[in-house]
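Visitor: Quick one: sequence plus predicted model below, questions after.
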Amino acid sequence: MKKKCLLFCLGVLLSLCSAQMTQPEEGEGEEEVVDLFTTPTTKMAAAISDFGYNLFRQLSSHHPTANVFMSPISVSLALTQLAVGASEQAERQLYRALRYHTLQDTKLHNTLRDLLVSLKAPGKGFRSAARVLLARRLRLKAGYLSDVEKHYGVKPLTLSGGARDMKTINDWFKKETGGKINPVMSTPLPRNGGIGSVGAAYLKGKWITRFSQTSQKENFHLDGEEPVHVPMMHQTNYPIKMGKDSDIGCTIAQVQMEEGVSVFFFLPDEVTQNLTQIVESLSAEFVQDLSMTLHPADAELILPVLKLSYTTDFLPLLPDLGLSEWLANTDLVKITALPAKLSAVHHKVVMEMAPEGSQYAMATTVQPHLTYRVDRPFLFLVRDEPTGTLLFIGKVLNPQEKKA
């Protein structure tokens, strides 16, 4: 009888949450979302986020049975710096893929630079860096190098084509990420490469509420395979925001970190590695709507302890973002008068989810009626709430899968 009562309470709460997400009062949801994106900074954050969701959709679809992770900011920054050296037509092509075409921001580079500064505030635990790489043989135009330095504080790196290039790149990214990403590259660049980019991001945020149990190993269920045993973080009476979205078949929880950062977990109703329906639903507006409509609750929260590392080259995915024509003719006339092809969009991310937090959960003898247990394939995203910027996004099918 007690179990039936608890299930009923859970159903009522999640139904209320779902109703809040899917059936807002007429005009209410749309107005609130639009209000968020009125400042140049929040509009820029929404553009970067939507670019990130689009790129992640392609990454996930190209790797349907593997863990994938990314941080869109460094990719956006690198392509934006390339746009500085592009013709008007090439700039329009890049800006459309980057979702800048709706911004109408005459000070776009200043806005992006200011946003980057705010996201790197020490308490957020987030580091991101990007660098455009240019072959010396292209007879580079000095005006482009100085323009990028003026906007973003660092010149594109001119490569000589020797072994020293990789050490220079790795040393710079090690410094920019506080030693957290080292090396960013482990294989040499193509010797005939003309133009490329490297981006990296690291995150180890601190939960507002810490986890009391951290060493117990539990089953993590896999799709069509035996469960794996992974360390889990436990805490009862954990303050979260929660809701169920029946349209995409998952239960969503938002967990707060310090300095305005939060993590959204999307847990499918079934044990499945097919998270396509969830991935396809993601947009800056949708996630902002979640942030406003998920229902506050104290729950028993169980999360896997994760340390994630992922490396990829986004170049093969750019045609799927509408950049096929640009890749065939980059038209980077302000960088060089010579024909130049993009040879790589290298990307490396590292993220840690550890149990540390700044305060303890409220002590109580009443057991929570809700449990949110992340013990099967899931999707997560990390978001800066003040600006709405997507910092990280990942699909975890097996926490024990390793990819450096």
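Guide: Structure's in. What do you need? Numbers count the residues shown, from 1 in each chain.
Visitor: mind listing what's buried in stretch 210-220?
Guide: When burial is assessed from 16 or more other Cβ atoms under 10 Å, stretch 210-220 yields the following buried residues: 210-211, 220. From N, CA and C alone the C-beta is placed, and that goes for glycine too.
Visitor: what about the helices in the stretch 151-300 of the chain?
Guide: Taking DSSP state H, counting those that start in this stretch as the criterion, the stretch 151-300 of the chain contains helices spanning 164-176, 276-281, 284-293.
Visitor: Format the CA atom coordinates belonging to the first one as PDB.
Guide: Meaning helix 164-176. Listed next in PDB are the C-alpha coordinates belonging to helix 164-176 (Å, rounded to 0.1, in the frame of the first residue of the first chain):
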ATOM      1  CA  ARG A 164      58.300  22.200 -33.000                       C
ATOM      2  CA  ASP A 165      54.800  23.300 -34.000                       C
ATOM      3  CA  MET A 166      53.000  20.700 -31.900                       C
ATOM      4  CA  LYS A 167      55.100  21.500 -28.800                       C
ATOM      5  CA  THR A 168      54.200  25.200 -29.300                       C
ATOM      6  CA  ILE A 169      50.500  24.400 -29.600                       C
ATOM      7  CA  ASN A 170      50.500  22.000 -26.600                       C
ATOM      8  CA  ASP A 171      52.400  24.500 -24.400                       C
ATOM      9  CA  TRP A 172      50.000  27.300 -25.200                       C
ATOM     10  CA  PHE A 173      46.900  25.200 -24.400                       C
ATOM     11  CA  LYS A 174      48.400  23.900 -21.300                       C
ATOM     12  CA  LYS A 175      48.900  27.400 -20.000                       C
ATOM     13  CA  GLU A 176      45.400  28.600 -21.100                       C
END
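Visitor: model confidence over it, on average?
Guide: Averaged across helix 164-176, the pLDDT comes to 94.
Visitor: gap between that helix and the chain center?
Guide: 23 Å (Cα atoms, centre = their mean, to the nearest Å).
Visitor: Contacts for it, please.
Guide: The contact list for helix 164-176 (Cβ atoms under 8 Å, 6 or more residues apart in numbering) reads 127, 129, 131, 133, 157, 159, 181-185, 188-189, 198, 200.
Visitor: circling back: for the helices of the stretch 151-300 of the chain, state which one has the densest average packing.
Guide: Burial of the helices of the stretch 151-300 of the chain is given as mean neighbour count (mean count of other Cβ atoms under 10 Å); helix 284-293 ranks first at a mean of 20.
Visitor: Check which helices and strands it is in contact with.
Guide: Using 3 or more Cβ pairs under 8 Å, 6 or more residues apart in numbering; DSSP states H and E, the elements in contact with helix 284-293 are helix 2-22, helix 28-36, helix 40-62, strand 225-245, strand 250-256, strand 261-268, strand 378-384.
Visitor: sorry, back to before: quick one: which of the buried residues of stretch 210-220 is nearest F69?
Guide: F220 (16.9 Å; Cβ to Cβ).
Visitor: And the strands in the stretch 51-200 of the chain?
Guide: Assigned by DSSP state E, counting those that start in this stretch, the stretch 51-200 of the chain shows strands spanning 68-70, 126-135, 157-159, 195-203.
Visitor: Identify the residues contacting the nearest residue to H109 once chain neighbours are set aside.
Guide: Among residues not flanking H109 along the chain, H151 sits closest, at 4.1 Å (Cβ to Cβ, 6 or more residues apart in numbering). Listed by Cβ under 8 Å, 6+ apart, the contact partners of H151 are 81, 84, 109-110, 113.
Visitor: and what of H221?
Guide: Residues counted as contacts of H221 (Cβ under 8 Å, 6+ apart) are 227, 271, 375-376.
Visitor: Equivalent analysis for Y152, please.
Guide: 77, 81, 109, 113.
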